[in-house]
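**Student:** Fold the following.
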Amino acid sequence: MDYKVTKENFTVPQNLGGGITQQSVELDYILPDYYPEIFRVLNVRILPSIPARSLNGTRLEYELSAKIRLTYVSESGEMCAAEQILTYNRSTELSASAKSPKISISPYTESASCRVSGKRRADIRGIISVSVVATADEARQAVSEASGDGLQLRKSLVTYPSKRIAVTKRITVVDDVNLGQSKPAVKTVIRADAAVITADKKILSGKLLTKGEAEVSLLYVPEDGSNKAENIRFAVPFSQISDVEGLDERFDVMISANVSDCEIKPSGKSGTNSVSCELNIEINCLAMRFESVLIATDAYSTMYESSLETSDEDIECVPTEISENCKTKASLTYYDGEIVSVMCAGAEVGKLDAITGSDGSVSVRGRITYFAYAENESGKPIYLEGTDEFEKKLPDEASSCSIDAHATVAQSAYKLTSSNAMEITADIRLKGYLFGCKSHRFISGITVDEASPLDRDSDIAMKLYYAEKGEEPWDIAKRTHTTLSAITEENDLGEEVLQEPKMILIPIVD
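**Tutor:** Next comes the predicted model:
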């Protein structure tokens, strides 16, 4: 064999499996003696999170935590809240083991309900869905060079992720926050929501520096005995320096930071109007290093019959950052009386899905829950809630094979539209990344049959060929068993596609 073929390594995305599973939540809750008795339930929330995970070979194990928060009104008309945490140990089997896989575990509440079975007893039921997505790099080979036996290669420059580092870091931020002189001290926390509003990253000497701010929205019953709930927003800064093995400035780094748990309590410090704030923040880091290589997409021999082994692969492109905003609104109606005043109104975003249209466009569709804590004409607390969907089409240039995005409510507002109805508007901020792929056809192997030489007329040095508009010089050279360079030099061609019909001189090469 007088020819030599050289191959180049590259990577393609590998789906390791996962899927969506459900966990039922069942709790027969008995109020501790120090809580007031239940007169009327306002609402129950199930807040899921993943406090721990581990991967052993192909077995992914994780802990699912469900914080159950019951808000109710006592017989005296006071708003009260009680909570309990349930934990479940879950596992799933991946299809293959891989080095530094990217694993996303996203829990979200499908339903939550409560039935009061006594003054101190509540039967709580719900369903949590957990989405697990695991991907990694899979090695492939393609022909990059070939010599001998008149082999000719057509090459294409391909950019691919040569290395991937995926890590998840968890940080706990504990801070005492002063509510200011204009706000009364906290007696009971009714609702506490938190979301990361800014997150920046920087690579310093192989370490990843992450810093940003989380915003906390707090609704509480004050200590002053007024029994009228107060609400306030405040920012909590966070920062983290993490050791990430192998990370340097050659990587494109993508991070997402999300609050997995928020715990707000009165600080207990005498003489201060402050709360103790504890946030658990999950930081997901994906670092990808991209390289470019010339890989053969077609080949032939000018001397012998040859055959090709081809492979169609999807090559992952440099991810596209998502940073979009959209406005939504919904109406809530109180059917048992009139709305006199509103303590707090807002919205929260649940499950997100990526939708690909028939035209190739990509949209993000999500579920949004609107809520309001208010007072009726009797001065009693009431709770209103409604669920809807929103959809945001991403820019036309976006294309994807997967999406990793999170949505938060940047701000919300409300207005009373009648004596028993209100309209809530919410500004939703979408953050994340589109992971696109581009399909390529590669030559994975070349076989030259040296026992089958091509027919040649040694007396002819040149042939004439009438080329049509749109033909490619490469195809002409391959069909006539000559070289592309011989045709382009003989005919002074500088284009890859002929723009008009043309007479071509075909040199016969040895």
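**Student:** any weak-confidence spans in the stretch 151-300 of the chain?
**Tutor:** 270-271 (pLDDT under 70).
**Student:** rerun that using 90 as the cut-off
**Tutor:** Flagging of the stretch 151-300 of the chain using pLDDT under 90 yields the residue ranges 158-169, 179-185, 202-208, 223-230, 240, 242-252, 256, 266-274, 284-286, 293.
**Student:** got it, and the stretch 301-450 of the chain?
**Tutor:** Residues of the stretch 301-450 of the chain that meet the cut-off, pLDDT under 90, sit at 302-303, 312-323, 350-364, 379, 392-406, 410, 432-441, 450.
**Student:** how about the helices of it, start to end?
**Tutor:** For the stretch 301-450 of the chain, no helices are identified by DSSP state H, counting those that start in this stretch.
**Student:** List the contacts of K202.
**Tutor:** L208, L209 (Cβ atoms under 8 Å, 6 or more residues apart in numbering). No exception for glycine: its C-beta is placed from N, CA and C like everyone else's.
**Student:** any idea how far P184 is from the closest residue in space to F238 that isn't next to it in sequence?
**Tutor:** Take F238 and drop its neighbours on the chain: the residue closest to it by Cβ to Cβ, 6 or more residues apart in numbering is V173, 4.7 Å away. Applying Cβ to Cβ, to the nearest Å, the value for V173 to P184 is 25 Å.
**Student:** Check V174 too.
**Tutor:** V174 sits 23 Å away from P184, going by Cβ to Cβ.
**Student:** who's more crowded, the two?
**Tutor:** Remark: of V174 and P184, P184 carries more neighbours, 17 against 10, as counted by other Cβ atoms under 10 Å.
**Student:** Dump stretch 300-320 to CSV, restricted to CA.
**Tutor:** Provided in CSV are the C-alpha atoms of stretch 300-320 (Å, rounded to 0.1, in the frame of the first residue of the first chain):
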residue,chain,number,x,y,z
TYR,A,300,-10.8,10.6,-4.5
SER,A,301,-7.7,9.2,-6.3
THR,A,302,-6.5,10.3,-9.7
MET,A,303,-4.8,6.9,-10.2
TYR,A,304,-7.0,4.1,-8.8
GLU,A,305,-10.6,3.3,-7.9
SER,A,306,-11.3,4.3,-4.3
SER,A,307,-14.1,4.1,-1.8
LEU,A,308,-15.0,6.3,1.2
GLU,A,309,-16.4,5.8,4.6
THR,A,310,-18.5,8.8,5.5
SER,A,311,-20.0,9.9,8.8
ASP,A,312,-22.7,12.6,9.5
GLU,A,313,-22.1,14.3,12.8
ASP,A,314,-23.6,17.2,14.8
ILE,A,315,-20.8,19.4,16.0
GLU,A,316,-21.6,21.7,19.0
CYS,A,317,-21.2,25.4,18.3
VAL,A,318,-20.1,28.1,20.6
PRO,A,319,-23.2,28.6,22.9
THR,A,320,-25.3,31.7,22.4
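**Student:** Just the buried residues of it, please?
**Tutor:** Residues Y300, S301, T302, M303, Y304, S306, E313, I315, E316, C317, P319, T320 are the ones in stretch 300-320 that count as buried (16 or more other Cβ atoms under 10 Å).
**Student:** contacting residues for A134?
**Tutor:** By Cβ under 8 Å, 6+ apart, the contact list for A134 reads N15, L16, G17, G18, L60, L94, P101, K102, I103, S104.
**Student:** and the two most separated of those residues?
**Tutor:** N15 and L60 (14.0 Å; Cβ to Cβ).
**Student:** These two: who's more crowded?
**Tutor:** Neighbour totals were compared for N15 and L60, and L60 leads with 22 against 15 (other Cβ under 10 Å).
**Student:** okay, that one: pLDDT?
**Tutor:** On the pLDDT scale, L60 is placed at 95.
**Student:** could you say which helix or strand contains it?
**Tutor:** L60 is located in strand 59-73, with elements delineated by DSSP states H and E.
**Student:** cool, S485 as well?
**Tutor:** helix 484-491.
**Student:** same thing with V132?
**Tutor:** strand 121-147.
**Student:** Provide the angle between the direction of that strand and the direction of strand 59-73.
**Tutor:** Orientation of strand 121-147 against strand 59-73 (axes from the mean of the first three to the mean of the last three Cα atoms, to 10 degrees) gives an angle of 150 degrees.
**Student:** ok, strand 121-147: who's next to it in the sheet?
**Tutor:** strand 4-30 (antiparallel), strand 102-118 (antiparallel) (DSSP bridges).
**Student:** Understood, closing this out.
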